[in-house]
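A.B. asks: Make a model of this:
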Amino acid sequence: MSLLLSVAITLWVASGQLLTFLPESEVRSAVGIGAQISATMLGFLIAAMSILASISGHRLLRNMQRTGHYRVLLRRLFWNASAYGVSMALAVGGVVLKGAWFDWVALLTLSCFIFSTLLLVDIAWRFWLVLSNISPE
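C.D. replies: You can find the predicted model right below:
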């Protein structure tokens, strides 16, 4: 669902040529800011994985490991971190491009960033469920 929504938004931006209404310097600035946010979120997700690893001996997480929910949460964390990594790499690479190449990379960066952020909403909800259900043993 997240992928379809991010592609739909990107196609809407591309079809309406919404990026052409902005000066190129502003689009470049936005792509650079996207790279910074993606790098920050990538670090946040790595920290979240570290938190999960540090509390893996808790009864709730042992039960989640037994039922397979822990593996699903880790897989989604890795996918989300990978998506932010791709978004960051596209943005960093795109800043140095010119002309039509920059426009295409800016759209790809937008799509990947939206996809990553939508995945983050799911991860945040799952983390809330895990952390709110941890009680002292």
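A.B. asks: so how far is Ala124 from Leu73?
C.D. replies: According to CB to CB, to the nearest Å, Leu73 stands 12 Å off from Ala124. Placement of C-beta: from N, CA and C, glycine included.
A.B. asks: what pLDDT does Lys14 get?
C.D. replies: No Lys there; residue 14 is Ala. In the prediction, the pLDDT value recorded for Ala14 is 77.
A.B. asks: tell me which element it is part of?
C.D. replies: helix 2-15 (DSSP states H and E).
A.B. asks: which residues touch Ile55?
C.D. replies: Counting by CB atoms under 8 Å, 6 or more residues apart in numbering, Ile55 makes contact with 61, 134.
A.B. asks: quick one on the thing from earlier: Leu73 and Ala124: who's more crowded?
C.D. replies: Leu73 (20 against 12; other CB atoms under 10 Å).
A.B. asks: Give the closest residue to the more buried one in space, chain neighbours not counted.
C.D. replies: Arg126 (5.6 Å; CB to CB, 6 or more residues apart in numbering).
A.B. asks: Can you tell me the centre-most residue of this structure?
C.D. replies: The centroid of the chain falls nearest to Ser116 when counting by CA atoms, centre = their mean (2.4 Å).
A.B. asks: just the helices in this protein please.
C.D. replies: Using DSSP state H, the helices found in the chain span residues 2-15, 24-54, 59-67, 69-95, 99-132.
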